[in-house]
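Participant: fold the following, please.
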Amino acid sequence: MLKVYLHGNFSISKIVIGCMRMHEWGLNLQQRTDFVEWCIDQGITTFDHADIYGGNHHNEALFGEVLQMKPELREKIEIITKCSICVPNDENPNIKTRYFNTDRDYIFKQVNNSLEKLQCEYIDLLLIHMHDLLVNPKELNGTLKQLKDEGKVKYFGLSNHNPLEFDTLQKYVDVKFVTHQFMLHPLGIENYKNGTMTHCLKEGIHPMFWSPLAGGRIFNPKNAFEENMKNVLESIRQEHHLENIDEVIYKWLLKHSSDPVIVLGTGNRERIKRALNSIGGIQMTREQWYKILTEAGYELW
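Facilitator: Numbering: from 1, shown residues only. Prediction:
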């Protein structure tokens, strides 16, 4: 399994398991543990969390139970988590509407809660989940430096920021943002249109793509645009004699020279195997790659 080096000797697996819907996978503790061990055996060592996944650290707690059962797994994996999104839930009845928060006290509270639920002593990679328009960049700098100095977080990155937002925060923050996680799939190419992908090349950043299959919409099109895209993907699948169109999508996503990482939000082992098989092997041509891009709505000129 290929590793992607984000900064120095710090690497993550080319395929990352997204744990946003882990609470919906219907796995008991033993099955969750077996799944994590199976992923490690496949070379997938990185697991992506957020404080809000499952509601108020719930999915982090599910994962933490695995580490409690087999603590030796901790040194074999990389844990990513995120914070900054505040949502109404039973644990926070005073929150009435969604908003973003990067205040020092809030970030420390969320990180400490994540560590407790994950039952580990440090987080490998902490991402600021969304751009907070009220962020105080100088305060954020102090917050992240303290988290690093205390050994609670090793590395930092951003999620769902545009290039200007990324550069503005990096100007004030001394620790390097080692990755940028955002949505990208053939039905949603906004991050090609707004320059985010080019920005990753400029900064030497390996991006992480969440929702690579558009939440399954590609397989069950609801309108003409989605139907046309499915037909394009199917034609390329046939040209390369691939098993499923998701393999076409993975090859399309991975062709970019930024050497990106795919976040797979599934516990389905067959789907994971297809993603793994998409690394290397038959390569998509430039013409095929641009065919998908233009079908998605990108204007070349």
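Participant: from here on, contacts and neighbour counts on C-alpha atoms
Facilitator: OK.
Participant: any weak-confidence spans in this structure?
Facilitator: Filtered on pLDDT under 70, the chain yields the residue ranges 1.
Participant: kindly list the longest helix within it.
Facilitator: Counting residues, the longest helix found in the chain (DSSP state H) is helix 224-240.
Participant: please enumerate the helices of the stretch 1-150 of the chain.
Facilitator: 29-42, 58-69, 104-118, 137-149 (DSSP state H, counting those that start in this stretch).
Participant: beta partners of residue 125?
Facilitator: Beta bridges link residue 125 to residue 80, residue 155, judged by DSSP bridges.
Participant: circling back to that earlier point, mind giving me the packing neighbours of the next helix or strand after the longest helix of the chain?
Facilitator: For helix 224-240, the succeeding helix or strand toward the C-terminus, using DSSP states H and E, is helix 245-254. Counting contacts by 3 or more CA pairs under 8 Å, 6 or more residues apart in numbering; DSSP states H and E, helix 245-254 packs against helix 224-240, strand 261-264, helix 269-277.
Participant: run the last query once more with 7 Å
Facilitator: In terms of contacts (3 or more CA pairs under 7 Å, 6 or more residues apart in numbering; DSSP states H and E), helix 245-254 is packed against helix 224-240, helix 269-277.
Participant: could those helices be laid out in CSV, adding distance to residue 67 and mean neighbour count?
Facilitator: Shown next, in CSV, are the helices and strands packed on helix 245-254 (distance: least, CA to CA, whole Å; neighbours: other CA atoms under 10 Å):
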stretch, distance to residue 67, mean neighbour count
helix 224-240, 39, 16
helix 269-277, 20, 15
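Participant: relative to helix 245-254, how tilted is the longest helix of the chain?
Facilitator: 90 degrees (axes from the mean of the first three to the mean of the last three CA atoms, to 10 degrees).
Participant: what's around residue 285, how many residues?
Facilitator: 12 (other CA atoms under 10 Å).
Participant: just to revisit the earlier point, and residue 261, which of the helices and strands packed on helix 245-254 is closest to it?
Facilitator: Closest of the helices and strands packed on helix 245-254 to residue 261 is helix 269-277, at 11.2 Å (criterion: CA to CA).
Participant: need the CA coordinates for the closest one. PDB is fine.
Facilitator: Extracted C-alpha coordinates of helix 269-277, given in PDB (Å, rounded to 0.1, in the frame of the first residue of the first chain):
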ATOM      1  CA  ARG A 269     -14.700  -4.400   2.200                       C
ATOM      2  CA  GLU A 270     -15.500  -5.100  -1.400                       C
ATOM      3  CA  ARG A 271     -15.700  -1.300  -2.200                       C
ATOM      4  CA  ILE A 272     -12.500  -0.700  -0.300                       C
ATOM      5  CA  LYS A 273     -10.700  -3.500  -2.300                       C
ATOM      6  CA  ARG A 274     -11.800  -1.800  -5.500                       C
ATOM      7  CA  ALA A 275     -10.400   1.500  -4.400                       C
ATOM      8  CA  LEU A 276      -7.100  -0.300  -3.500                       C
ATOM      9  CA  ASN A 277      -7.000  -1.900  -6.900                       C
END
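Participant: now it against helix 245-254, angle please.
Facilitator: Using the same axes, to 10 degrees: helix 269-277 against helix 245-254 is 40 degrees.
Participant: picking that back up, got the contact list for the longest helix of the chain?
Facilitator: 218, 221, 244-245, 248, 292, 295 (CA atoms under 7 Å, 6 or more residues apart in numbering).
Participant: got phi/psi on residue 207?
Facilitator: Per-residue torsions, residue 207: phi -70, psi 160 (degrees, to the nearest 10).
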